[in-house]
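Colleague: structure for this input, please:
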Amino acid sequence: MSDVKKKLAAIFNDPTPESAVQALSAGEIYAIIEEIGIENTFDLYQLTSIEQARVILDLALWEEWTISVDETIKWLELILSADSEYALWLLSQIDQELLILLLKKTLTVGGGVADIIGSEDLNDDWDHTFDEVFFLRIDDEEHSDLIMKMLELLHNENHRLYRSLMLGAESELVSELEETAYHFRIARLEDEGLL
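Modeller: Numbers count the residues shown, from 1 in each chain. A predicted model of the protein is given here:
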């Protein structure tokens, strides 16, 4: 058994595994995830504090100056397959810019005004709407089911976050979102001594 697998086994044999995980640095946890794979260590990730969780995503999701859609989708699939209470908690705690970037890279959002009657958006061809306020056009068919699953969960359970993401996806510029999200990322990684 490798040292990393021994460390993972020790964590889950601990009487308080959550405390054992949160006593580690985010870098140590990420090293375990990297070696064994997030698919096999997501139960470990779920025991992290929100500060650790954010730093691990900072390390996992980025390629150079932007997020990797493929990596973000892989993580989102695991988040949404977890308990819905956990999924809602994590989605509400991570940087909104990350989620809006994912939406900007996978769909187009229109509408967004309280009274949509007379809007030009009504005349466009849209793929879906949850509320007759925001209209969605799928740009990335491969990941559309997962994106819709996330949006439906937020629409039903955290409408405030859903609305904020929709407004951001409709109006924010990708370059500005990336700059803000990257700044947050670098600051956290520096605080952790990972840069």
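
Colleague: now do the buried residues in the helix or strand hosting Ser144.
Modeller: Using DSSP states H and E, the element containing Ser144 is helix 144-157. By neighbour count with 16 or more other Cβ atoms under 10 Å, helix 144-157 contains the buried residues Ser144, Leu146, Ile147, Met148, Met150, Leu151, Leu153, Leu154, His155. Where C-beta positions appear, they are placed from N, C-alpha and C, glycine not excepted.

Colleague: out of the residues you listed, which is nearest to Lys6?
Modeller: Leu146 (33.9 Å; Cβ to Cβ).

Colleague: for that closest one, give me its contacts.
Modeller: Ile73, Leu76, Glu77, Leu80 (Cβ atoms under 8 Å, 6 or more residues apart in numbering).

Colleague: mind doing that once more with 10 Å?
Modeller: Ile73, Lys74, Leu76, Glu77, Ile79, Leu80, Ser81, Leu102, Thr106, Asp140 (Cβ atoms under 10 Å, 6 or more residues apart in numbering).

Colleague: buried subset of the residues you listed?
Modeller: Neighbour counting with 16+ other Cβ under 10 Å marks Ile73, Lys74, Leu76, Glu77, Ile79, Leu80, Leu102, Thr106 as buried within these.

Colleague: quick revisit: using TSV, lay out the contacts of Leu146 together with pLDDT and distance to Leu161.
Modeller: Converted to TSV, the contacts of Leu146 look like this (pLDDT from 0 to 100; distance: Cβ to Cβ, whole Å):
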residue	pLDDT	distance to Leu161
Ile73	97	19
Lys74	97	22
Leu76	97	14
Glu77	97	19
Ile79	97	14
Leu80	97	14
Ser81	96	19
Leu102	97	14
Thr106	96	17
Asp140	93	21
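
Colleague: and of the residues you listed, the nearest to Ala53?
Modeller: Nearest to Ala53 among the contacts of Leu146 is Ile79, at 10.1 Å by Cβ to Cβ.

Colleague: the closest one: which element?
Modeller: Going by DSSP H and E, Ile79 is in helix 69-81.

Colleague: quick one: distance of that helix to the chain centre.
Modeller: Mean-position distance between helix 69-81 and its chain equals 7 Å (Cα atoms, centre = their mean, to the nearest Å).

Colleague: what angle separates it from helix 144-157?
Modeller: In terms of direction (axes from the mean of the first three to the mean of the last three Cα atoms, to 10 degrees), helix 69-81 departs from helix 144-157 by 50 degrees.
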